[in-house]
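Colleague: turn this into a structure:
(chains A and B)
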2 protein chains.
Amino acid sequence: MSTSVPNITIHWLESSRAQRIVWLLEELGLDYKIKLYKRNDHKRAPDELKEIHPFGKSPLVELDYGAGNTKILAESGHIVNYLIKHFDHDGKFKPANEDDDEQIDYYIQMSEGSLQPPLTLLTIMEVGDSKAPFMVRSVVQKYNTQVRETFNFPEVVRILDKLEKDISAAGGSYFVGGKLSAADIMLVYPVAQICFNSKRCASAVDKKKYPNLVKWSENVLNSATFKKSVQKVEEQAKGKYDILSSK
Amino acid sequence: MSTSVPNITIHWLESSRAQRIVWLLEELGLDYKIKLYKRNDHKRAPDELKEIHPFGKSPLVELDYGAGNTKILAESGHIVNYLIKHFDHDGKFKPANEDDDEQIDYYIQMSEGSLQPPLTLLTIMEVGDSKAPFMVRSVVQKYNTQVRETFNFPEVVRILDKLEKDISAAGGSYFVGGKLSAADIMLVYPVAQICFNSKRCASAVDKKKYPNLVKWSENVLNSATFKKSVQKVEEQAKGKYDILSSK
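Modeller: Prediction:
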């Protein structure tokens, strides 16, 4: 496979982990196309995405090196690792030392391993809350509320508590090494987009407890590159897609 | 931090992702201590684990370099990456080339990113099935069954379908490069232990559809090092802990 920069397409699903990849593409100064997908009535990805990759999830990144030489990247953490490894030509994301490199790997794994599952489960329960047959809906909602309160919320709060300490210890601006890294790229979705800017876990998250994390969140969402990434999607979405999962 | 081999302790929780780390420690030929933890009545990790790491999950690996110099590793994928990077002195896990290295990263991320969440949710629903108040238990069980059938099972089956193709294309023995890698270490828990050897998703998994994956599963579980890892835990567990999540 050539080491030249391929034609890049990001398969972007609304209200998904995909916006952070658009952000990374902006940070790397790459050209790319965006293909938009809408969630179906059950808040799931449409079957169309399964034609790109069998799991039918998003983000997916398609790298077209020409002459039928195409590579599909799946899994957020792997996409981030791959794009930085191959296309960070200016060394913007290069860790200063081995410790920073390992810390970044920890946050990449933690973002999907510990933090994302209780947040994804909230979406599944939202569907249950609204789709359960009328006769049993109140029982289902009560059950889901209990799962949220005994499982999801304490799990999320425990993680945010640690991240507040981490970001404070790291100086407040970024998670690792005082500069933007893959850790920030990965955490923008679960922390900034979901925990601090959506209704999904608003009742469990007391923003006053997380002054540094909230500040980091505002800074990354308001950075020129993140805003550019949203603008790029907006241009195509024309108000028909939920970009920031802020519902 | 010294590059010498530290005193290693693995904080091992029953029915958890921890056994694969014991397996890796065996593969690397390292000495280690095991500290065992029992799940509580709600199948959650005990609070004791929060004293080691604030998320209170397992596996956790404690590296004691002496003179109060201790490091705690968390997140399965990060633990695997760290242990191999620092302690694979014979290059047993060294990928043959860049493509293999990237493929391994994909499986590490996929194991926790796409495959583990629908499996973990099955455990949460099992608790709901049994702990819901008697008056509403049948409604909760019916709701959980529906979530399993519309969300978890199709998700798991889709992943197993792809993994069957992957392992067949890779020659059947291992996932990447014809030799044991971090991909196999990560996948042993969700695929071999849970999908093929527990009751948790037995009704959804038709083993006949996965001849190569089942064979891989049997081979890794019966490998001398995996069996040694189980034996090491058994010696301490004395029948009081669930080692293989095979319930």
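Colleague: what bridges to A:L36?
Modeller: A:L36 forms beta bridges with A:W12, as assigned by DSSP bridges.
Colleague: I figured it hits A:E14, correct?
Modeller: Yes: counting by CB atoms under 8 Å, A:E14 is a contact partner of A:L36 at 7.3 Å. All C-beta spots, glycine's among them, are computed from the backbone N, C-alpha and C.
Colleague: which residues are common contacts for those two?
Modeller: Shared contacts of A:L36 and A:E14 (CB atoms under 8 Å, 6 or more residues apart in numbering or on different chains): A:237, A:241.
Colleague: and A:K247, what pLDDT?
Modeller: We note a pLDDT of 62 for A:K247 in this prediction.
Colleague: domains of chain A?
Modeller: Annotated domains of chain A cover A:7-93+A:226-237, A:98-223 [the TED database].
Colleague: can you put the ones you listed in a markdown table and add mean neighbour count, distance to B:K165 and mean pLDDT?
Modeller: As requested, the domains of chain A are arranged in a markdown table below (neighbours: other CB atoms under 10 Å in any protein chain shown; distance: least, CB to CB, whole Å; pLDDT from 0 to 100):
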| stretch | mean neighbour count | distance to B:K165 | mean pLDDT |
| --- | --- | --- | --- |
| domain A:7-93+A:226-237 | 18 | 8 | 96 |
| domain A:98-223 | 19 | 23 | 94 |
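Colleague: mind checking how far stretch A:234-247 is from the chain centre?
Modeller: Taking CA atoms, centre = their mean, to the nearest Å, the mean C-alpha location of stretch A:234-247 is offset from the chain mean by 15 Å.
Colleague: put the alpha carbons of it into CSV.
Modeller: The C-alpha trace of stretch A:234-247 is given here as CSV (Å, rounded to 0.1, in the frame of the first residue of the first chain):
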residue,chain,number,x,y,z
GLU,A,234,-23.6,21.4,8.9
GLU,A,235,-23.0,22.4,5.3
GLN,A,236,-24.2,19.0,4.1
ALA,A,237,-26.6,18.3,7.0
LYS,A,238,-28.8,21.4,6.3
GLY,A,239,-30.4,21.0,9.7
LYS,A,240,-31.7,17.5,9.0
TYR,A,241,-29.1,15.6,11.1
ASP,A,242,-28.3,15.8,14.8
ILE,A,243,-24.6,16.7,14.9
LEU,A,244,-23.7,17.1,18.5
SER,A,245,-25.9,14.6,20.2
SER,A,246,-27.1,17.4,22.4
LYS,A,247,-30.6,16.2,22.7
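Colleague: could you pull out the strands for chain A?
Modeller: In chain A, the strands defined using DSSP state E lie at A:7-13, A:33-37, A:60-64, A:70-74.
Colleague: any chance of CSV for those strands, columns distance to B:G56?
Modeller: Formatted as CSV, the entries for the strands of chain A read as follows, by distance: least, CB to CB, whole Å:
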stretch, distance to B:G56
strand A:7-13, 32
strand A:33-37, 36
strand A:60-64, 33
strand A:70-74, 30
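Colleague: to B:I79, which of the ones you listed lies closest?
Modeller: For these, distance to B:I79 was read as CB to CB. The smallest value, 22.5 Å, belongs to strand A:70-74.
Colleague: please identify the pairing partners of the closest one and their relative orientation?
Modeller: Its sheet considered, strand A:70-74 pairs with strand A:60-64 (antiparallel) by DSSP bridges.
Colleague: who touches the partner strand?
Modeller: Taking contacts as CB under 8 Å, 6+ apart, the residues outside strand A:60-64 that touch it are A:6-11, A:21, A:49, A:52-53, A:70-74, A:79, A:82-83.
Colleague: and stretch A:207-215, by the same measure?
Modeller: The contact list for stretch A:207-215 (CB under 8 Å, 6+ apart) reads A:160-161, A:163-164, A:167-168, A:172, A:191, A:196.
Colleague: and it, C-alpha only, in CSV?
Modeller: The C-alpha atoms that make up stretch A:207-215 are tabulated as CSV, following Å, rounded to 0.1, in the frame of the first residue of the first chain:
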residue,chain,number,x,y,z
LYS,A,207,-21.2,20.5,36.6
LYS,A,208,-20.1,22.5,39.6
LYS,A,209,-18.1,19.5,40.8
TYR,A,210,-16.1,19.5,37.6
PRO,A,211,-14.8,23.1,37.0
ASN,A,212,-11.6,22.1,35.1
LEU,A,213,-13.3,19.4,33.1
VAL,A,214,-16.1,21.7,32.1
LYS,A,215,-13.5,24.3,31.1
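Colleague: wait, A:L244 touches A:R20, no?
Modeller: No: contact status for A:L244 versus A:R20: not in contact, 11.2 Å apart, counting by CB under 8 Å.
Colleague: overlap in contacts, those two.
Modeller: Overlap between the neighbourhoods of A:L244 and A:R20 is empty, taking contacts as CB under 8 Å, 6+ apart.
Colleague: just to revisit the earlier point, got the domains of chain A as a markdown table, with distance to B:D129 columns?
Modeller: Conversion of those to a markdown table gives the following (distance: least, CB to CB, whole Å):
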| stretch | distance to B:D129 |
| --- | --- |
| domain A:7-93+A:226-237 | 22 |
| domain A:98-223 | 11 |
